[in-house]
Every structure is written in structure tokens, then in C-alpha cells.
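J.: quick one, fold the following:
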Amino acid sequence: MSIVRVANHAGVSTATVSRVLNNMPGVRAETIRQVRAAVEALNYEPGQLRRIRRNGAASTTARPRRRTNAIAIITVGQSRHWLQLPVMAASVAGISRGARELGYRLLLEEALDVEQPLPAALGRQVDGAIVFLSSVLVGPAFYAALNAIARQIPAVWVMGGGPGGVAVDHVAPHNHAVGHLAFEYLKSRGCRDVAFLSKLPAWPVMRDRGQAFCSAAHDHAISCGTFLLSDDARDGALFGAGAIVEADLSTLVDRLVESKPRPTGLFVSADETTVNVYPLLRRAGLRPGEDIHIVSCDNEQIRLAGLSPRPASIDTGAEEIGWRAVHRLMSRMENPAEPPVLINVAPRLVQGQVGTSNAGDDEAPPSD
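T.: This next block holds a predicted model:
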């Protein structure tokens with residue numbers, strides 16, 4: 001009996017079934033009843049080990065079937081030090097929690113040269129892999145790196161965003177929802193002219209967030225400017241003819257300040273960029289939180305703590321993504337022939353300070 005069958009019978013995800021079986025918080029009472037009813041109807045024996053009968057004798061087997069009791073975290077196109085970045089570290093924390101709950105050890109591997117195959121011995125050292133891909137990978141290199149790993153061992157791609165058609169399970173932030181949530185926040189602040197600012201605009205994560213943000217503004221008849229940090233002017237074509245592209249952030253912010261109409265609301269696609277935008281806005285005479293409302297993304301406390309007032313930021317659920325990736329990998333190891341699955345984790349808005357007050361942070365309700 002597979003946890004996948006229980007999930008299908010209950011009409012929920014395998015991650016939700018695991019939460020119920022492990023008595024974890026955050027599951028609605030009605031959902032708990034559904035899962036427990038499915039467990040009873042299917043005569044499923046939950047837990048990491050289950051008893052089976054062989055020749056009249058009881059024995060114990062693990063599900064999914066293990067060979068090494070280990071899974072790998074693999075960074076592709078970046079060194080493992082990349083995982084020390086706050087949002088990546090949060091995802092790794094979720095992976096560690098999920099692996100610990102299921103009794104798996106974690107190994108760290110890196111594939112700096114995406115054209116070189118992973119060591120053949122890796123498949124003998126681990127039962128599966130969770131893969132982080134560098135944002136610099138595009139086109140054929142992107143597909144080749146993922147597919148090469150998936151051919152060698154069961155794999156789940158985690159975080160990021162990218163093209164469809166990849167034959168690998170993917171657990172990621174709901175970047176489209178991020179853009180809509182950012183717009184709704186600025187609209188709630190009374191902003192009638194808004195803008196999107198991002199570096200790495202060609203990276204699918206940033207592109208999805210920005211396009212969704214501008215689309216939401218368009219639907220509400222609110223003007224939306226696009227300001228992109230890139231040394232390739234062609235990146236502007238991803239956002240329409242009006243996109244402004246500059247290779248220098250200071251120049252880009254100056255152009256935003258000089259634009260007509262000047263935005264009163266700004267969505268910056270990542271906290272890493274927001275911390276550099278703040279002093280440039282002040283230098284131009286604009287007070288963040290008063291002259292221009294700002295919403296950022298990733299909710300990286302270590303970066304935002306030094307900003308006054310602290311901006312609102314969208315938490316993409318990185319730790320939840322990591323936890324779900326482990327459980328998806330378990331399902332993939334049990335059912336290698338299943339079609340690839342995309343799991344998007346809903347973001348939530350974390351409010352910042354208003355103006356120059358010293359008010360603490362308040363969390364907004366999760367998005368639908």
C-alpha cells in the first residue's frame with residue numbers, strides 16, 4: 001500500500017497525508033478526517049515501517065524501499081556555498097527537517113561544470129536527490145543538467161522557476177502569485193502608479209514575478225513601469241516596449257525617479273536588490289515608506305533588519321518548499337514511472353513598518 005493511493009483516495013497531496021500521519025500542525029480538521037477515513041478504507045498501516053506476512057512469519061520492510069538511507073542535495077552551476085544565502089538556507093532547513101522525520105541522512109554534492117556528468121558512484125551512495133539549479137542555466141543547458149541527473153537517480157528540482165516540459169518533479173514558489181500579492185499590497189496603500197524593478201530579469205523567477213505584477217496592474221487600470229538591471233538591452237523585450245533597461249543600478253533608480261508619472265508604489269523582485277535600492281532612493285530625495293511604498297520579496301530578515309522603515313516583503317515559503325521536496329522525492333522513489341509533478345507553494349505577505357514609525361512587523365493572512 002502506497003501513501004500515494006491514500007492521497008488519491010482522500011483527494012489531497014502526499015505531503016498532506018504525511019502531515020496528518022505525523023500529527024503535524026497546519027492541517028484543517030476536515031482534511032484530517034478525510035485522510036484518516038482513507039487510511040481506514042484502504043487498510044493502510046502508517047509509519048516508516050510496516051508489517052507484512054511472508055510464509056506465515058512477520059517481517060518488517062521500509063517504504064519506500066531503501067538501499068542507502070541517504071539522499072543528496074546537489075547544487076548545479078554553483079558551489080554548495082550558494083546554499084548559505086538566506087532564502088536558500090531556509091529551503092535547506094526544510095529539507096533537513098523532512099529528511100530527519102523520515103530517517104534519511106543528507107549528503108551535499110556540487111556540479112560546477114554542468115557539462116560534466118555526476119560521479120557514477122553517486123547512484124550507489126544515495127537513494128535520490130534534491131537539486132538546486134543556478135539561475136545562469138538557460139535553454140539547452142537547463143534541460144540537459146536536470147535530465148542527466150534524473151536519468152541517474154530519482155530527483156526533485158527545488159526552488160527557482162523555469163520552462164515547462166522538464167521530465168523532473170519540481171517544488172517551487174508560486175511566483176505568479178507573488179506578483180499578484182505584491183500588486184494587491186501596493187493597491188491597498190493607495191498607489192495609483194506602480195513600478196517593477198529587478199535584476200536578472202531574464203531569470204524565469206524574476207520574469208514570472210514581474211509579468212504577473214504588471215498584468216495585475218493592467219487589470220485594475222493602474223499604470224505600471226518596468227525597470228530592469230541588465231547589461232543586455234534585449235531583456236526589455238520580455239516586458240514590453242516600455243521597459244527601461246540599464247546596466248547600472250544607480251542610473252536605473254534615477255530613471256525611475258525621473259519617470260512621468262513617478263511611481264508611488266514599487267515592487268522590487270528580491271530583498272537582495274531592495275537593500276541597495278533604499279539608499280539610492282534617499283539620495284534622490286524620496287523617502288521609502290512615505291514618498292514611495294515598497295514591497296520586496298523573500299522575507300530575508302538578515303537583509304531587511306537594517307532598513308528603516310522595514311519594507312513589506314513576500315515570504316515565498318522556502319522552508320515549506322524544502323520539506324515538500326523531500327516528501328515528493330519519497331513518492332518518486334516509490335513510483336518511478338509517474339509523470340513529473342509541479343508543486344507550487346503559496347506565498348504570504350509580511351507587513352513592514354509604516355513610514356518612519358517603530359511599529360513591529362505584522363504578518364498578513366496567507367494568500368489564497
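
J.: can you pull the contacts of the residue nearest to the spatial centre of the chain?
T.: The centroid of the chain falls nearest to Pro173 when counting by C-alpha atoms, centre = their mean (3.0 Å). If you count contacts by C-beta atoms under 8 Å, 6 or more residues apart in numbering, Pro173 has them with Met159, Gly161, Val205, Thr316, Gly317, Ala318, Ile321, Asn344, Val345, Pro347. Glycine gets a C-beta too; all of them are placed from N, C-alpha and C.

J.: could you pull up phi and psi at it?
T.: phi -60, psi 150 (degrees, to the nearest 10).

J.: now it: how far from Ala270?
T.: 11 Å (C-beta to C-beta, to the nearest Å).

J.: ditto for Pro261
T.: 25 Å.

J.: look at the two and report which has more neighbours.
T.: Ala270 (24 against 9; other C-beta atoms under 10 Å).

J.: can you report phi and psi for that one?
T.: Dihedral angles for Ala270 - degrees, to the nearest 10 - are phi -160, psi 140.

J.: which helices and strands sit right next to the helix or strand hosting His9?
T.: Secondary structure assignment for His9, by DSSP states H and E: helix 3-10. Packing partners of helix 3-10 (3 or more C-beta pairs under 8 Å, 6 or more residues apart in numbering; DSSP states H and E): helix 14-21, helix 29-41, helix 318-334.

J.: tell me which of those helices sits most buried.
T.: Ranked by mean neighbour count, the helices and strands packed on helix 3-10 are led by helix 318-334 with a mean of 24 (mean count of other C-beta atoms under 10 Å).

J.: next SSE downstream of it?
T.: With DSSP H and E, the next secondary element past helix 318-334 is strand 342-345.

J.: so what does the following helix or strand past that next one touch, helix or strand wise?
T.: Remark: after strand 342-345, the chain's next helix or strand is strand 348-350, criterion DSSP H and E. Packing contacts for strand 348-350, counted by 3+ C-beta pairs under 8 Å, 6+ apart, involve helix 175-188, strand 312-315, strand 363-366.

J.: give me the contact list for the second one.
T.: Among residues not part of strand 312-315, those counted as contacts by C-beta under 8 Å, 6+ apart are 178, 181-182, 185, 271, 274, 294-300, 304, 347-352.

J.: run the last query once more with 7 Å
T.: 178, 181-182, 185, 271, 295-299, 304, 347-352 (C-beta atoms under 7 Å, 6 or more residues apart in numbering).

J.: what mean pLDDT does that strand have?
T.: When pLDDT is averaged along strand 312-315, the result is 96.

J.: neighbouring strands of it in the sheet, and parallel or not?
T.: strand 293-297 (parallel), strand 348-350 (antiparallel) (DSSP bridges).

J.: between the ones you listed, which gets nearest to Arg80?
T.: The closest of the strands paired with strand 312-315 to Arg80 is strand 293-297. By C-beta to C-beta, the value is 24.0 Å.

J.: and the helix holding His9 with helix 29-41, angle?
T.: Angle, helix 3-10 to helix 29-41, by axes from the mean of the first three to the mean of the last three C-alpha atoms, to 10 degrees: 120 degrees.

J.: CA atoms of helix 3-10 as CSV?
T.: Taking C-alpha atoms only, helix 3-10 is exported to CSV below (Å, rounded to 0.1, in the frame of the first residue of the first chain):
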residue,chain,number,x,y,z
ILE,A,3,0.9,6.7,0.6
VAL,A,4,0.1,7.9,-3.0
ARG,A,5,-3.0,5.7,-3.0
VAL,A,6,-4.1,7.2,0.3
ALA,A,7,-3.6,10.7,-1.0
ASN,A,8,-5.6,9.9,-4.2
HIS,A,9,-8.4,8.3,-2.2
ALA,A,10,-8.6,11.4,0.2
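
J.: and it, which residues are buried?
T.: Within helix 3-10, the residues that count as buried by 16 or more other C-beta atoms under 10 Å are Ile3, Val4, Val6, Ala7, His9, Ala10.

J.: was I right to think the fourth one contacts Thr14?
T.: Put plainly, it is Ala7. Yes - look at Ala7 against Thr14 with C-beta atoms under 7 Å: they come within range, at 4.6 Å.

J.: ends of stretch 264-279, what's the gap?
T.: One end of stretch 264-279 to the other measures 17 Å (C-alpha to C-alpha, to the nearest Å).

J.: and the pLDDT for Ser79?
T.: Looking at Ser79, its pLDDT stands at 79.

J.: in three-state terms, label Pro228 for me.
T.: Careful, residue 228 is Leu; it's not Pro. Secondary structure assignment for Leu228 (DSSP: H, G, I helix; E, B strand; the rest coil): strand.

J.: again, but for Ala90
T.: helix.

J.: now it: how far from Ser198?
T.: Counting by C-beta to C-beta - Ala90 and Ser198 are separated by 21 Å.

J.: just Gly317 next, same as before
T.: Where Ser198 is concerned, Gly317 sits at a distance of 20 Å (C-beta to C-beta).

J.: higher neighbour count, those two?
T.: When Gly317 and Ser198 are compared for neighbours, Ser198 comes out ahead with 27 against 23, by other C-beta under 10 Å.

J.: give the contact list for the more buried one.
T.: Contacts of Ser198 by C-beta under 7 Å, 6+ apart are Met206, Gly210, Leu228, Leu229, Ser269, Thr273.

J.: out of those, grab the one that's most surrounded.
T.: Neighbour max across the contacts of Ser198 (other C-beta under 10 Å) = Ser269, 31 neighbours.

J.: excluding its backbone neighbours, what's nearest that residue?
T.: Ser198 (3.8 Å; C-beta to C-beta, 6 or more residues apart in numbering).
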